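> Predicted model, plus sequence, below.
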Amino acid sequence: MPSVLGLMEQREARARQDLESWTEVLEQAQAEVDAARERVERARVGREELVSVLAEESTVDTPVSVPSGGEVAAVAGASGLGVGHGERPPVWRSGMGEGVLSGLYREVFAAVMTASGPMNGVELTRAVGREAEIKNEVEKIRHRAYVLEKRGWLVRAKDGRFMPAPGAVGRGASPASAERPRPGASTA
């Protein structure tokens, strides 16, 4: 008959083997999770870059028809989606107000319009009530500002800060934003 101490040593050895086995499985799973996170992030960045390029191309090559407010409401009601779901903003044209913008695009534009001066991505993120300490949140807001820039709603100074485009300052704009200096033709 084996000793009690010997049985306990065997039990401990089996438990140690189980622990090592499960630790290895856990490490492999963590590596898979990390790889999946990286793939998601690369896909997100790639999608946002593609959207930005397509937005840029559409402002150059094809005119964009802009529905009236009633048409927007009818389409939103018919599709079951509200205007707040983040549809791409139209290319700015004379007479357009921020009412044609939706979701975060409207919030970003409104924040820039009411600001006392040009705003960077972190300032914009805070102005729309998001956590500026989270890099992904800042990038989401900055991306919206880039799209608004490409579509003629905002301009970006050489230092990367955003301000309303000269034509976009109009109805609903604060006097402070209307008097703000605009960058020259050489803005980046």
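Great, that's in hand.
> Okay, now the unreliable bits of the protein?
1, 58-86, 169-188 (pLDDT under 70).
> ok, now which ones touch the most centrally placed residue in it?
Closest to where the C-alpha atoms of the chain average out (C-alpha atoms, centre = their mean) is Lys140, at 1.7 Å. The contact partners of Lys140, taken as C-beta atoms under 8 Å, 6 or more residues apart in numbering, are Leu104, Arg130. The C-beta positions use only the backbone N, C-alpha and C, and glycine is treated the same way.
> all helices of the chain, in order?
Assigned by DSSP state H, the chain shows helices spanning 4-61, 69-79, 103-114, 121-127, 135-150, 175-178.
> What about Gln30, how many residues nearby?
Using other C-beta atoms under 10 Å, Gln30 has 10 other residues around it.
> how close does it sit to Arg37?
In this view, Gln30 and Arg37 are 10 Å apart by C-beta to C-beta, to the nearest Å.
> pretty sure Ala55 contacts Tyr105?
No - look at Ala55 against Tyr105 with C-beta atoms under 8 Å: they stay out of range, at 11.4 Å.
> joint contacts of those two?
Joint contacts of Ala55 and Tyr105 (C-beta under 8 Å, 6+ apart) are Arg88, Val147.
> thinking again about what came up before, compare the helices of the chain and give me the one nearest Ala165.
helix 135-150 (7.9 Å; C-beta to C-beta).
> Check the offset of that closest one from the chain's centre.
5 Å (C-alpha atoms, centre = their mean, to the nearest Å).
> If we go by neighbour counts, what in stretch 33-50 is buried?
Within stretch 33-50, the residues that count as buried by 16 or more other C-beta atoms under 10 Å are Glu48.
> List the contacts of it.
Against stretch 33-50 from outside (C-beta under 8 Å, 6+ apart): Glu139, His143.
> Repeat the analysis, applying 7 Å as the threshold.
His143 (C-beta atoms under 7 Å, 6 or more residues apart in numbering).
> How many neighbouring residues does Ser21 have?
10.
> Now do it against Arg151, distance only.
From Ser21 across to Arg151, the span is 56 Å (C-beta to C-beta).
> okay, Ala55 and Tyr105: which has more neighbours?
Tyr105 (22 against 18).
> Ala127: what's it in contact with?
By C-beta under 7 Å, 6+ apart, the neighbours of Ala127 are Ala111, Met119.
> one step back: quick check: which of the helices of the chain is nearest to Glu87?
It's helix 103-114; of those, that one is closest to Glu87 (C-beta to C-beta) at 7.4 Å.
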